[in-house]
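compute the structure for the input listed below.
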Amino acid sequence: QVQLVESGGGLVQAGGSLRLSCTASGFSFSTFVMAWFRRSPGKEREFVAAITRNGINTNYVDSVKGRFAISRDNVQNKVYLQMNSLEPEDTAVYYCAASQSEGGTYSYSGRYTAWGQGTQVSVSS
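Numbering: from 1, shown residues only. Have a look, this model is predicted:
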């Protein structure tokens with residue numbers, strides 16, 4: 001069955017870095033757009049970043065541009081989120097998601113048909 005498993009979350013001080021990983025199984029990974037979303041306490045789920053099937057094109061929410069980088073490995077069926085210069089406002093549960101369609105609005109959560117369970121990222125000030 002389709003499965004997405006996130007890892008790499010933790011507690012870090014402001015200004016620090018973390019690298020999240022998402023391991024996919026049960027579907028043809030290289031044919032799916034992959035994305036990261038996050039949900040902070042008391043807030044709605046927010047799009048963070050997306051990457052196209054071939055890994056060439058990426059898309060980010062404005063608040064993480066220049067600090068976060070999404071990448072993928074279509075051999076190991078993994079997608080990554082490198083997070084640098086972390087801020088307390090980045091504290092959230094981070095989710096990996098997969099979409100079979102390419103193009104259009106990547107920040108629209110409804111296009112993603114598979115989701116992971118999430119990994120907690122906490123940034124202290």
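
show me the beta-bridge partners of the most centrally placed residue in the chain.
Among the residues of the chain, residue 36 comes closest to the average C-alpha position under CA atoms, centre = their mean, at 2.1 Å. Here residue 36 sits in beta bridges with residue 49, residue 96, as judged by DSSP bridges.

how close does it get to residue 118?
Residue 36 is 10 Å from residue 118, where distance means CB to CB, to the nearest Å. (Each C-beta comes from the backbone N, C-alpha and C, glycine too.)

any shared contact partners between these two?
With contacts taken as CB atoms under 8 Å, 6 or more residues apart in numbering, residue 36 and residue 118 have 94, 95 as neighbours in common.

A helix includes residue 56, no?
No: secondary structure of residue 56 (DSSP: H, G, I helix; E, B strand; the rest coil): coil, not part of a helix.

tell me, how many residues neighbour it?
Applying other CB atoms under 10 Å, we find 7 residues neighbouring residue 56.

pLDDT value on it, please?
Looking at residue 56, its pLDDT stands at 95.

how much space between it and residue 34?
From residue 56 across to residue 34, the span is 13 Å (CB to CB).

now do residue 60
In terms of CB to CB, residue 60 sits 13 Å off from residue 34.

mutual contacts of these two, please.
Common neighbours of residue 60 and residue 34 (criterion: CB under 8 Å, 6+ apart): residue 70.

the two: who's more crowded?
Counted by other CB under 10 Å, residue 60 and residue 34 do not tie: residue 34 has more neighbours, with 30 against 20.

noted, bye for now.
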